[in-house]
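Colleague: sequence unknown, structure follows:
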């Protein structure tokens, strides 16, 4: 009798804990807006205009194939890859640091250098990317995490699509973009891919080479993981259901 009573008490306490957890999850999932208003939660980051990403100039990245064309001096035309250190070997100019610079910036530096050497007074070179070699890294709740080949105006949604798309467990409203500046500092931005996909509200973020796009797990998925780790694997009883029909046969579900 004592063993049976103790077992009933344990199951009753476990039932109250599970019921309390379910109520907490319901409040968390269904009343997020109300809680945020009552406790002053951080507002959702403002969405940039749709033209913000398109107006951002591309910056040369290691691995890019660059072409330099001189309209009045074709003998100076040159093409070559940007090295891992961000430098490009250019005849008469030398190993020029181009990584992280825009195409117009590089063209201006080349023109100034040739003028200073007395080679060409006004070279007016055109710098273009023949083949993009940069990559961004997409991880988290996507189907195919890993490096993604970068294009000129790639945004977070495009990178996620190339990575196979979002999993059902993804938190699409708060994608994290991690970027390393030229001076080594790390910046972090957030993007709402759901608003972008459904309403055309651009994220305002153009990815650069070596950026990291991380898709976090949704609150529901985190709750499911918590239940599995702290309840399903710890409570000493089986979740299967046994029942017997009239002929004495027992079934387990």
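Modeller: Received it, and whenever you're ready, just let me know what you need. These numbers come from a predicted model, not from an experiment.
Colleague: Now do the strands in the chain.
Modeller: Taking DSSP state E to define them, one finds strands in the chain at 65-69, 78-81, 87-90, 94-97, 126-131, 135-140, 146-149, 175-180, 186-191, 212-215, 242-244, 250-252.
Colleague: May I have the strands that pair with the third one, each with its orientation?
Modeller: Spelled out, that is strand 87-90. Using DSSP bridges, the strands paired with strand 87-90 are strand 94-97 (antiparallel).
Colleague: related to what we said a few turns ago, most packed of the strands of the chain?
Modeller: Counting by mean count of other CB atoms under 10 Å, strand 212-215 has the highest mean neighbour count of these, with a mean of 22. C-betas here are computed from N, CA, C, even on glycine.
Colleague: quick one: contacts of that strand?
Modeller: 136-142, 156, 159-160, 166-167, 170-172, 175-179, 207 (CB atoms under 8 Å, 6 or more residues apart in numbering).
Colleague: before we move on, back to that, which one of the strands of the chain lies closest to residue 114?
Modeller: strand 87-90 (9.7 Å; CB to CB).
Colleague: and the nearest residue to residue 188 once chain neighbours are set aside, what does it touch?
Modeller: Nearest residue to residue 188, sequence neighbours excluded (CB to CB, 6 or more residues apart in numbering): residue 178, at 5.5 Å. Neighbouring residues of residue 178 by CB under 8 Å, 6+ apart: 186, 187, 188, 211, 212, 214.
Colleague: Tell me the spacing between residue 186 and residue 203.
Modeller: Using CB to CB, to the nearest Å, we find residue 186 at a distance of 19 Å from residue 203.
Colleague: Equivalent analysis for residue 109, please.
Modeller: Applying CB to CB to residue 109 and residue 203 gives a distance of 31 Å.
Colleague: Settle it for me: which of those two has more neighbours?
Modeller: Per other CB atoms under 10 Å, whichever of residue 109 and residue 203 has more neighbours is residue 203, with 24 against 18.
Colleague: Next one: the more buried one from residue 142, what distance?
Modeller: 16 Å.
Colleague: ok, residue 154 - contacts?
Modeller: 136, 148, 206, 207.
Colleague: swap in residue 130?
Modeller: Contacts of residue 130 (CB under 8 Å, 6+ apart): 65, 66, 67, 79.
Colleague: which residues does the first one bridge with?
Modeller: Just to be clear, that refers to residue 65. residue 81, residue 131.
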